[in-house]
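Asks: what's the 3D shape of this:
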Amino acid sequence: MLGDHLKRIRKEHGFTQEELAVRLHVVRQTVSKWEKNLSVPDAELLQRLSEELDVPVSELLGGAGERESTQERQAIAEQLSRINEQLAIKNRRSRRVWTVLAVLLAVMILVPILGAVLFRAAPGQGMAASITLSEDSPYTNEDVEAAFDAVQKYFKKQCRDCTLETLVYDEGETPPQEDVLTIEARFRTGSHPKPEELRPNQTQRCTLTVSRSEAGEWTVTAWKIP
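Replies: The predicted structure follows:
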């Protein structure tokens, strides 16, 4: 193709791409595209290439190297026009493919990041909860779930940049206190958690005491990190 012949002839004349570009009054990238067969010069530039490199146009195109007639030059110009059109279509298709790949890559990168940001912005979402009641428990699952809700609200307000991962209420063999629940929690801290005594980017555990008022509302009255 033209690019291969142009590169060979340019080097035989000792020209760099930059030097040839200056002689043709084009940028170096234009010559580079010609040599990589990403585009072809128009008829006027092809004639100037022929003059600067002192070779017939037919030799640049891979022909025998004889000087061309006016009719042959016209035929070459038409051929170049068709080649340019084909290359333009090929380049547009290539750009569309790379655009689609770039969009897909961006989605693959951004979706997990966005999901993580949204998850950290809403403590308690996606949280695992476990409730174990004894046979004679004074509480129902609904009672404990209401206490869990109070814990989530407390974390959202008091523990900044933290994400609750699990809440566990297990009566086990210890008789539960009336209107007081002890809840075990596991949470993940972010880069700048508050209170400041929390370690950043750590999974930590704590024990919360949740009390129920006479109006039936649960409130976190104490929490302790081992």
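
Asks: now D149, nearest residue through space, not along the chain?
Replies: Counting by CB to CB, 6 or more residues apart in numbering, D149 lies nearest to W218, which is 7.4 Å off, once chain neighbours are set aside. Quick note: C-beta positions are derived from backbone N, CA and C, even for glycine.

Asks: what sits opposite the one you found in the beta ladder?
Replies: Counting by DSSP bridges, W218 is bridged to R212.

Asks: tell me, what residue is most central in the protein?
Replies: Central residue check for the chain by CA atoms, centre = their mean: the C-alpha nearest the mean position is that of I109, 2.8 Å away.

Asks: check contacts around the residue nearest to D149.
Replies: A146, A147, D149, A150, L181, V210, S211, R212 (CB atoms under 8 Å, 6 or more residues apart in numbering).

Asks: swap the cut-off to 6 Å and go again
Replies: Counting by CB atoms under 6 Å, 6 or more residues apart in numbering, W218 touches A146, A147, A150, V210, R212.

Asks: Which of the three states applies to the residue nearest to the centre of the chain?
Replies: Three-state call for I109 (DSSP: H, G, I helix; E, B strand; the rest coil): helix.

Asks: Please renumber the chain so that the first residue is 27 from this point on.
Replies: Noted, 27 is the first residue going forward, which turns the last one into I135.

Asks: could I have stretch 68-76 exported to PDB, CA atoms only?
Replies: What follows is stretch 68-76, C-alpha atoms only, in PDB (Å, rounded to 0.1, in the frame of the first residue of the first chain):
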ATOM      1  CA  ASP A  68      -5.400  13.900  -1.900                       C
ATOM      2  CA  ALA A  69      -4.300  14.300  -5.500                       C
ATOM      3  CA  GLU A  70      -2.600  17.700  -5.000                       C
ATOM      4  CA  LEU A  71      -0.500  16.400  -2.000                       C
ATOM      5  CA  LEU A  72       0.300  13.200  -3.800                       C
ATOM      6  CA  GLN A  73       1.800  15.300  -6.600                       C
ATOM      7  CA  ARG A  74       3.800  17.400  -4.200                       C
ATOM      8  CA  LEU A  75       5.000  14.200  -2.500                       C
ATOM      9  CA  SER A  76       6.100  13.000  -5.900                       C
END
